[in-house]
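**Q** With the sequence up front, the predicted model follows.
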Amino acid sequence: MGDTGPTGPVMDRDEVDRALARLGAEHEAIETSLLALQDHAGRRLLEGAELTGVTAERWSAAEASITLLWTYFDAYTGALRTAREIRSRRRWSSREDLVELTELLRGEAVTVAGSAAATANAPTPHGGPGRLSERYSLVTLVERMNQLYATSLDMVVAADAVWSALPARIDLLAAELGRTRKLAHSVGVRPGEHPAGDDLERITRTLTRLREQVVCDPLAFWTPAQGSSAPGGGRPDTTVYDREARALEEVRREIDAVLAVRQDAEQRIVRLRDVLSRADRTLAEARTARGEVLAKIAATEVPVVGGPPIVLQEQLAAAAEYRRHAQWHRLSPLLESLEEKAEDELLRARESLTAVTAPLAVRAELRGRLDAYKAKMARLGHAEDPELAEKYEKARRMLWSAPCDLRVAEQAVLRYQHAAAELLGTARRVPGQGGPVDRTGPGA
């Protein structure tokens, strides 16, 4: 069609019909979306909630946007209805009808009162102060409605997602917390008496405060998805919830440990008594051995043997008292500490006995070596050698006399080995001596 109007070429009848069909489909889609937003559970919750913080601020803006959305939609509906009425006047539209339809469908022919945007606190399309009225084309009006719908739906979906996720989880955790507190109380884990009891009080306060905050300001617990433009793109922020859930699990493990103590406390105390008793007997043996060493071994340093630690016996008695009065929360850490200390004490007693009896072990080794060499020389037919017999007797007297000087006795044994080596004709040297030694050993 060659005619033109204020908005450009005048549309023909087919163009008008296609435009009306497209606008009708858009109208139906927009109406469906607006009704769905109106009925959205999140919007109804927001409308009835006492909001605070960022959620209150954003919901105020969203309410304004939703109000403006309906205002725009009503104007869009009116313009579409007017266009349909013009088109239905006659089967073959006149040029005047087509000019009017072209202006309505393509031009800025839709008027929206400027007070609507101002009342809704919505930004004006030109960024300036609100006017008495604003004129839009149908295309621009659809774009504006799409923008307002997307931002409003994003806010509603985000708040609904947080409310759907967090309060229910908090309530479940609070129920578990209640059960744990009862169990803790039954085993004596109470605030002010046990760290786990203090933790339970702190977790209780935190969960109560968290639930109040989530209900009043859900968007404070929303993390938008990076790079996502879809409404509601993101996830609820469960950082605080997750931290308290882990803390409650730690407390539960601590209480389980206390319960385990209650079940096997008697056996553990019996084992502790046995370990400390063995340590005491070992120390007593070490003290007796020290007296023997001092009497039988000369010119040697013998370490002093300490007595049993009284503090461990006192702690063991305290553990028995805790068990008797069912103070499991105090018994649990005490038993763990005592078991470690008791094992250390037994190890110390054994090391003390080993250190004290070391000279006797050296003397026994020298005696065994001397007798072994004597038996070897006898097998080889040298038992009656006068020089060898004399050196043997000197070494034997030193080793079997009290007190025994180990250094002198060791030299006597080495001299006997040296003489035996010379007698056997070996050319190897005895360590610490000038002569040869038999390296084949006494059993060769």
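**A** Cool, the structure landed. Residues are numbered from 1 along each chain as shown.
**Q** mind checking the SS state of residue 223?
**A** strand (DSSP: H, G, I helix; E, B strand; the rest coil).
**Q** so it touches residue 238, yeah?
**A** No: taking contacts as C-beta atoms under 8 Å, residue 223 lies outside contact range of residue 238: 9.4 Å. (C-beta placed from N, C-alpha, C; glycine too.)
**Q** neighbour-wise, which of those two wins?
**A** Ranked by neighbour count (other C-beta atoms under 10 Å), residue 223 and residue 238 place residue 238 first, with 16 against 13.
**Q** any idea how far that one lies from residue 167?
**A** 12 Å (C-beta to C-beta, to the nearest Å).
**Q** if I look at residue 406, how far off is residue 68?
**A** Distance from residue 406 to residue 68, by C-beta to C-beta: 106 Å.
**Q** before we move on, what about residue 233?
**A** Counting by C-beta to C-beta - residue 233 and residue 68 are separated by 23 Å.
**Q** Same question for residue 327.
**A** Taken as C-beta to C-beta, the span from residue 327 to residue 68 is 68 Å.
**Q** out of those two, which sits in the more crowded spot?
**A** The residue with more neighbours, out of residue 327 and residue 68, is residue 68; 22 against 18, by other C-beta under 10 Å.
**Q** Checking my notes, the more buried one in a helix, right?
**A** Yes: per three-state DSSP, residue 68 lies within a helix segment.
**Q** surely it meets residue 148?
**A** Yes: the pair residue 68 / residue 148 is scored as a contact, 6.1 Å apart, by C-beta under 8 Å.
**Q** Any figure for the gap between the residue located most distally from the centre of the chain and residue 365?
**A** Among the C-alpha atoms of the chain, the one most distant from their mean position (C-alpha atoms, centre = their mean) is that of residue 386, at 81.9 Å. For residue 386, the distance to residue 365 equals 27 Å [C-beta to C-beta].
**Q** The residue nearest to residue 194 when sequence neighbours are not counted: what secondary structure?
**A** Distances taken as C-beta to C-beta, 6 or more residues apart in numbering place residue 329 nearest to residue 194, at 4.5 Å, with adjacent residues excluded. Following three-state DSSP, we place residue 329 in the helix state.
**Q** Check whether residue 329 really touches residue 189, as I assumed.
**A** Yes: at 4.8 Å, residue 329 counts as touching residue 189 under the criterion of C-beta under 8 Å.
**Q** Spell out which residues are contacts of both of the two.
**A** 196-197, 258 (C-beta atoms under 8 Å, 6 or more residues apart in numbering).
**Q** how about the residues you listed in a markdown table, adding pLDDT?
**A** Below are the shared contacts of residue 329 and residue 189 laid out as a markdown table (pLDDT from 0 to 100):
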| residue | pLDDT |
| --- | --- |
| 196 | 86 |
| 197 | 88 |
| 258 | 79 |
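**Q** Now go through the residues you listed and say which are in helices.
**A** 196-197, 258 (DSSP state H).
**Q** Which of these lies at the shortest distance from residue 143?
**A** residue 196 (59.5 Å; C-beta to C-beta).
**Q** if I look at residue 67, how far off is residue 74?
**A** For residue 67 relative to residue 74 (C-beta to C-beta), the value is 11 Å.
**Q** higher neighbour count, the two?
**A** A count of neighbours by other C-beta under 10 Å puts residue 67 above the other of residue 67 and residue 74, at 17 against 12.
**Q** Quick check: next helix or strand after the helix or strand of the chain with the lowest mean pLDDT?
**A** Every helix and strand of the chain was ranked by mean pLDDT, DSSP states H and E. The lowest is helix 114-119, at a mean of 53. The C-terminal neighbour of helix 114-119 among helices and strands, as given by DSSP states H and E, is strand 133-136.
**Q** Parallel or antiparallel, which strands does that following strand pair with?
**A** The sheet places strand 133-136 alongside strand 110-113 (antiparallel), with pairing taken from DSSP bridges.
**Q** Now do the buried residues in the partner strand.
**A** 110, 112 (16 or more other C-beta atoms under 10 Å).
**Q** The nearest residue to residue 326 once chain neighbours are set aside: neighbouring residues, count only.
**A** Nearest non-adjacent residue to residue 326, counting by C-beta to C-beta, 6+ apart: residue 188, 6.9 Å away. By the other C-beta under 10 Å criterion, the neighbourhood of residue 188 contains 20 residues.
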